[in-house]
Every structure is written in C-alpha cells, then in structure tokens.
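K.L.:
I need the structure of the sequence given here:
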Amino acid sequence: MAGPTLSFWQQRFEAGQLPWDRGEPGPQIASWLAASTLRAGQSVVVPGCGSGHEVAALAAAGCKVTAIDFAPAAVDLTRRRLDAAALSAEMLVADVLEWQPGSFFDAAYEQTCLCALHPDDWTRYADRLHAWLRPGGVLCALFMQVRRHSADQGAIEGPPYHCDINAMRALFPGTKWDWPKPPYLAVPHPRGWTELAVVLTRREPLSWPPRPASP
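P.N.:
All right, here's what the predicted structure looks like:
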C-alpha cells in the first residue's frame, strides 16, 4: 500500500508517539456542538479515531458514536478513555477503505483520517464517506493545511498530508456535496499547522447498499 502501513500506526500508538495529539478535543468540535451542527441523538461516525478525544466529546454530548481505526492500539486507547469517563461508543478495528456500515449515519467527523491516508487512497475514502451518510447528512471536516516547500518540486510528504482546498473540491465535488461559501475558518494547531473547518452536506438520492469501494 502507498503511505503509512498498519505497523507504522500500531507502533506509534503503542509507544505513545503522537506529536499531532492536542491532548484534548480540537476546539472546533465544541463550536459545531454549540451550533447543533453535531447534536445529541445523531448517529456520528469518526473514522481514524486515534486517541479518542473527539469520540469522548461527541459521546458526552449524547451522540451515538461509531469510532473506527486501522490500529488496534488506537481503538484500545479510545476505549480506555471512554471507560474512564463512563461513556460508551461502538468501537471498531477496521480499514476505512473497505468497511461498510449496516445503515446510514447522520454525520461524519473527519479530522485525522484523510490527512493520515496517502493521497493515492483519497478517492476511495471520499467514496466511503459519501456512501456512509444519508442524503442531507453532514460531513464535518477539518482539512489539514501543512504545505511543505518540497511540494514546489512535486513531492508528496506526510503524514500529515497537505489537504489543498482545490484538491478537496475535486475530491468532494459539488455534484455530490453542497459546499458553504468561503472563507473557511482556519483552526490553529499547536504544531504550527492549521485546519480549515468546512461542513459539507451530502447530496444524491438514497441508495443502499453502498457502492463498492473502487479497486
């Protein structure tokens, strides 16, 4: 596979080498909860749940959360965080490029999964997000902005991979998603990066089961 392997992520979570981790939920999730973009009773999927700060925040707000990660160590860490706070969520060790739910979700919280996947896999992942959400469901996305000088020579470096907004418009096209008008809020990250906060709304008629992931 292109990009980081399962062993890459497993080793980092086992060793606690998580330099991207804020140690708490990202600040934007509180804003989306306050605005009822994400709210109690919604079914919310969190792909690439990592250490689970956002999973705990959503569960505490009354959302019905399904958390997914490739690395068993990440799922274990999230489960321990939930247990310590007497919270619950459905926890799954799964490949987001292959996994299919049994029903649609109301919302997806995308912060750390897209930028952790090699861009070769982005189209498959975007197809999965679209297939998971009901029509009218929302994708609450934080697109990582971490452009490096090497990009001027065509290099692709990560993780985290830079989520250029033009690439995001191609990845989540207007034929499938309703985009709000820019400018988009730039959320600062302690590592010196920023994340563009964008809420997309799923379009297209209802269809089930989801289309198979592209080969």
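K.L.:
going forward, measure contacts between C-alpha atoms and count neighbours the same way
P.N.:
Fine.
K.L.:
Let me know the pLDDT of the residue of the chain most remote from its centre.
P.N.:
Most distant residue from the mean C-alpha position of the chain: Q153, 28.1 Å away (C-alpha atoms, centre = their mean). Looking at Q153, its pLDDT reads 84.
K.L.:
got a list of what it touches?
P.N.:
Q153 makes contact with no residue under the criterion C-alpha atoms under 8 Å, 6 or more residues apart in numbering.
K.L.:
Over to V199?
P.N.:
By C-alpha under 8 Å, 6+ apart, the residues touching V199 are V138, L139, C140, A141, W179, P180.
K.L.:
And for the fifth one, the neighbour number?
P.N.:
The reference is to W179. 15 (other C-alpha atoms under 10 Å).
K.L.:
Assess the claim that D178 and F172 are in contact.
P.N.:
No - the criterion here is C-alpha atoms under 8 Å, and D178 misses it with F172 at 9.0 Å.
K.L.:
Which one of these two is surrounded by more residues?
P.N.:
F172 (20 against 16).
K.L.:
Skipping adjacent residues, who's closest to the more buried one in space?
P.N.:
A126 (6.8 Å; C-alpha to C-alpha, 6 or more residues apart in numbering).
K.L.:
May I see the buried residues of whichever strand or helix holds that neighbour?
P.N.:
Assigning secondary structure by DSSP states H and E places A126 in helix 122-132. Residues of helix 122-132 classed as buried by neighbour count (16 or more other C-alpha atoms under 10 Å): W122, R124, Y125, A126, D127, R128, L129, H130, A131, W132.
K.L.:
just stretch 173-184 next, same as before
P.N.:
K176, W177, D178.
K.L.:
cool, stretch 196-205 as well?
P.N.:
Quick answer for stretch 196-205 (16+ other C-alpha under 10 Å): L196, A197, V198, V199, L200, T201, R202, R203.
K.L.:
And the helices in the protein, which stretches?
P.N.:
With DSSP state H as the criterion, the chain has helices at 6-15, 27-34, 53-60, 72-84, 122-132, 165-171.
K.L.:
quick one, which of those is packed in tightest?
P.N.:
Neighbour counts (mean count of other C-alpha atoms under 10 Å) averaged over each of the helices of the chain peak at helix 53-60, with a mean of 23.
K.L.:
for it, packing partners?
P.N.:
The contact analysis (3 or more C-alpha pairs under 8 Å, 6 or more residues apart in numbering; DSSP states H and E) places helix 53-60 against strand 64-69, helix 72-84.
K.L.:
what residues does that helix touch?
P.N.:
The contact list for helix 53-60 (C-alpha under 8 Å, 6+ apart) reads 23-26, 29, 46, 49, 64-65, 67, 78, 81-82, 85, 87-89.
K.L.:
Look up how far D95 lies from V55.
P.N.:
18 Å (C-alpha to C-alpha, to the nearest Å).
K.L.:
Okay, now the unreliable bits of this protein?
P.N.:
1, 205-215 (pLDDT under 70).
K.L.:
tell me, what residue is most central in it?
P.N.:
E110 (2.2 Å).
K.L.:
in the sheet, who's paired with that residue?
P.N.:
A141 (DSSP bridges).
K.L.:
isn't it right up against M144?
P.N.:
No - counting by C-alpha under 8 Å, M144 is not a contact partner of E110; they are 10.4 Å apart.
K.L.:
Now the common contact residues for these two.
P.N.:
By C-alpha under 8 Å, 6+ apart, no residue touches both E110 and M144.
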